[in-house]
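1. Build the 3D model from these lines:
(one chain, ligands or ions: 1)
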Amino acid sequence: MTNNKLFIQVLQSKQTDRIPFWYMRQAGRYLPEYMERRKVAGSFLDLCYSPDFAVEVTLQPLTRYHMDAAILFSDILVVPHALGQHLEFRQGEGPVLTPVDEEKKIDRLSMDKFHAHLAPVYETVSRLHREIPNTTALIGFAGAPWTVATYMVGGHGSPDQAATRLMAFQQEEVFQKLIDLLITATSEYLIRQIEQGAEVIQLFDTWAGNLPDDQFYKWAVLPVKKIIRNIRAKYADIPIIGFPRGAGCRYPDYIRETGVTAVSIDTTMPLDWVRDHIQPLCPVQGNLDPLLLVSGGEKMEMRVHEILTKLGDGPFIFNLGHGIVPQTPPENVARVSEIIRDYQKK
Ligand code: 1CP
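-> Here you go, the predicted structure:
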């Protein structure tokens, strides 16, 4: 049976008349209606764990821009939170966790209350499944184990993930234990999202690019491969998009080894190279620089056209190369959406 959702058709490598689009972090602080809701909800985590608010915030960008996909409003760090790690989001500081950097701290993490803790997220997925327009696809997501581990071990975001890379060298077996726990937790978490109606899964590996070769294979490729195997044992046909940000020339190996359905490419990837070396392997999603979406104007429009011309023969989904940033003018998002919608395939 043909799926009537454009986004899913492209993930099945089918020809489409129009290029589907959505934006990573399409819900969030650049939207005044989000800030309004966030104030009422209290903290960011309250927003994530309140199905009423989370559903509303997920739908806000769709009301404005009619993307082809909605992404569940949550965060990659609800997984460590549900495993028992302390987590808060401080104003202007981002996430703060109590570091899990020794074996005894890893041993204290547990799956016992995991699904009970995440029940509101499952509820949000289930409601979204019922409420989104019938031509819009619903994306569920999680962080890939490596990226989630960088926050768990370091206790916060960092530009070089040094604490975690060091742990992977100095206490490899202990670190492997943490990654194994994340493989189990993430697989179960995503399977539940699919049960509740997520039609596509995206795995965010924001910090994969900082890993040297052998480490990239060990911590970015293998864990994702195992998660995909676990999911596909239950849901053989579910499309899974990988985002190994910064993988560079390792994208093709990542695709072949992990078994992802499609990849999200970051801003650094040369379009000609992507067309010649990645699109023959799988559908591609990307890769406008989020800062061009801030600056707008002719430069932004020219780049959008260039991306569409070079990758638009497909299979292709228009997106950014990383998430929307808070200072983005909403009218620039409207303009890019309009250009993509008007773009006619040759
Ligand atoms: O309101 C606020 O102040 C919170 C800002 C915010 C938002 C809106 C955070 C904190 N997370 C989110 C939502 C979010 N995070 C989504 C929702 C769906 C959507 O796309 O609309 C998704 C998919 C994420 C994923 C996420 N969280 C990633 C992976 C993708 C990426 O952007 O690299 C990462 C690394 C995080 C961690 C995180 N959460 C929030 C912040 C500020 C950060 C980054 C911290 C850092 O820079 O290290």
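2. can you pull out the helices in the stretch 151-300 of the chain?
-> Applying DSSP state H, counting those that start in this stretch to the stretch 151-300 of the chain gives helices spanning 162-170, 172-195, 213-215, 222-234, 251-258, 271-273, 290-295, 297-311.
3. So which of the ones you listed is nearest the ligand?
-> Checking those against the ligand by Cβ to the nearest ligand atom gives helix 290-295 as the closest, at 9.3 Å. All C-beta spots, glycine's among them, are computed from the backbone N, C-alpha and C.
4. Next to the ligand, which bits of the stretch 51-200 of the chain? Give me the list.
-> Residues of the stretch 51-200 of the chain lying near the ligand by Cβ under 6 Å from any ligand atom: 71, 73, 75-77, 89, 94-95, 141, 143, 157.
5. Would you mind listing which of the residues you listed are buried?
-> Buried subset of those (neighbour count, 16 or more other Cβ atoms under 10 Å): 71, 73, 75-77, 89, 95, 141, 143.
6. So which of those sit within strands?
-> Mapping these onto strands (DSSP state E) picks out 71, 89, 95, 141, 143.
7. can you put the residues you listed in CSV and add pLDDT?
-> Putting those into CSV (pLDDT from 0 to 100) gives the following:
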residue, pLDDT
71, 98
89, 94
95, 97
141, 98
143, 98
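8. Could I get these in JSON lines, plus columns for distance to residue 153?
-> JSON lines is the format used below for those (distance: Cβ to Cβ, whole Å):
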{"residue": "71", "distance to residue 153": "26"}
{"residue": "89", "distance to residue 153": "18"}
{"residue": "95", "distance to residue 153": "13"}
{"residue": "141", "distance to residue 153": "21"}
{"residue": "143", "distance to residue 153": "13"}
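9. ok, of those, which one's closest to residue 303?
-> Closest approach between these and residue 303, by Cβ to Cβ: residue 71, at 22.9 Å.
10. which residues touch that closest one?
-> Contact partners of residue 71, counting by Cβ atoms under 8 Å, 6 or more residues apart in numbering, are 22, 24, 26-27, 58, 139, 141, 202.
11. How far does stretch 290-310 sit from its chain's centre?
-> How far stretch 290-310 lies from its chain's middle: 22 Å, per Cα atoms, centre = their mean, to the nearest Å.
12. and if you look at stretch 147-163?
-> Chain-centre distance of stretch 147-163: 17 Å, with Cα atoms, centre = their mean.
13. now swap in stretch 264-272 and tell me
-> Offset of stretch 264-272 from its chain centre (Cα atoms, centre = their mean): 16 Å.
14. what's the answer for stretch 289-300, then?
-> Remark: stretch 289-300 is offset 21 Å from the chain centroid, using Cα atoms, centre = their mean.
15. what's the span of that stretch, first residue to last?
-> 9 Å (Cα to Cα, to the nearest Å).
16. Understood, closing this out.
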